[in-house]
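J.: sharing a model that was predicted from the sequence below.
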Amino acid sequence: MQERLKELQAEALAKVEKASDLKELNEIRVAYLGKKGPITEVLKGMGKLSAEERPVMGALANEVRDSISSAIESKHKHLEEAAIQQKLASESIDVTLPGRPVKIGNHHPLTRIIEEIEDLFIGMGYAIAEGPEVEKDYYNFEALNLPKGHPARDMQDSFYITEEILLRTHTSPVQARTMEKHQGKGPVKIICPGKVYRRDNDDATHSHQFMQIEGLVVDENIRMSDLKGTLEVFAKKMFGEDREIRLRPSFFPFTEPSVEMDISCKICGGNGCSVCKGTGWIEILGAGMVHPNVLEMAGFDSKKYTGFAFGMGPERIAMLKYGIDDIRHFYTNDIRFLKQFSVTE
Ligand code: DAH
């Protein structure tokens, strides 16, 4: 019996020594020290021993059990410690590694141009106004001196929703809406950026949806020279101090007189090239003195008040400023195009 116990002890200690994880160690503990284990079996046979042998054997059995259980305990600690070390090693962070660059988005080139134009006019005391894209025929046309039947309101150009409601074809209706809100009292000094819609076939220079920025100033003694000075400041700030402007007579039903503004071509410096089609000038916007009918319809006394207005296309301005050759680039969101306007990379 003594030998059997010694054997069991050696066997158990060897297994404990070899155990490679906590699960295996627990299995060894159950196998050797459990109620159905061999040591318990041995102890059960003690009853058959003589009175002298019994305490000797009892002491030995206890010693064997204690030695196995303390071996298990220390191995347990050891394995636990090793598991923690392994976990720490696998989770360790190398703080000396270079960081990964974070990709930051940036403003769309059109947004940038619009914000630049807004800032420029805000700097001259203008407020920003807005109006609905789904507009009444009245504001889009009638209030702008475009009565029903006027050729400029040809169905071809407009997306009508009902007979009286359409997608606005320009931002000019915001002029009428803003003046109405002022209830005949000046000054009014606003710009209005927004989307507009036309029944056009999309190509390199046309889009069925695009942006416009409208400007309107109404006050006493507003003159054509105020318009010209304002547009000159705008053109030079936007395109460079060496740009010249010229006003050409034109026609818009809501302004009288009406003009179109050109700037001298940046590419050829005014000598004539393919961009300016040999003229040395590039058309930028339409403008004029607010037609008395428009003032009156919006509740302003046209004998007391005068005003000027202008309307421009930020796409066209961005195309000229950045040398973009196709308006569709603004809407297709090709990342290779957009990235060229990144301020962060
Ligand atoms: N609304 C015109 C258009 O879409 C542009 C325009 C011309 C606006 C002259 C104006 C203006 O305010 O005075 O073609």
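T.: In hand now; what should we look at? Numbering: from 1, shown residues only.

J.: from here on, contacts and neighbour counts on C-alpha atoms
T.: OK.

J.: so the residue of the stretch 101-250 of the chain found nearest the ligand: helix, strand or coil?
T.: Across the stretch 101-250 of the chain, the shortest distance to the ligand (Cα to the nearest ligand atom) belongs to His170, at 4.5 Å. When the structure is reduced to helix, strand and coil (DSSP: H, G, I helix; E, B strand; the rest coil), His170 reads as coil.

J.: contact partners for it?
T.: Contacts of His170 were listed using Cα atoms under 8 Å, 6 or more residues apart in numbering, and they are Asn140, Lys195, Val196, Tyr197, Gln212.

J.: who's the fourth one bridged to?
T.: Taking DSSP bridges, one obtains Gln209 as the residues bridged to Tyr197.

J.: neighbours of it, just the number please.
T.: Neighbour count for Tyr197, taken as other Cα atoms under 10 Å: 21.

J.: before we move on, back to that, got a PyMOL select line for the buried ones in the contacts of His170?
T.: A single PyMOL command is used to select the members of those judged buried by 16 or more other Cα atoms under 10 Å:
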select buried, resi 140+195+196+197+212
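
J.: can you list the contacts of His170 in a markdown table and add distance to the ligand and pLDDT?
T.: Supplementary listing: the contacts of His170 in a markdown table, determined by distance: Cα to the nearest ligand atom, whole Å; pLDDT from 0 to 100:
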| residue | distance to the ligand | pLDDT |
| --- | --- | --- |
| Asn140 | 9 | 96 |
| Lys195 | 11 | 97 |
| Val196 | 9 | 97 |
| Tyr197 | 10 | 96 |
| Gln212 | 8 | 97 |
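
J.: could you export the contacts of His170 as TSV, including distance to His329?
T.: Shown next, in TSV, are those (distance: Cα to Cα, whole Å):
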residue	distance to His329
Asn140	28
Lys195	16
Val196	17
Tyr197	17
Gln212	17
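
J.: now, among the contacts of His170, which is nearest to Ala10?
T.: Set against Ala10, the nearest of the contacts of His170 by Cα to Cα is Lys195 (88.9 Å).

J.: buried set for stretch 23-34?
T.: Of the residues in stretch 23-34, those buried by neighbour count under the rule 16+ other Cα under 10 Å are Leu25, Ile28, Arg29, Tyr32, Leu33.

J.: which of the residues you listed are the two that sit furthest away from each other?
T.: Checking those with Cα to Cα, the most distant pair is Leu25 and Leu33, at 11.8 Å.
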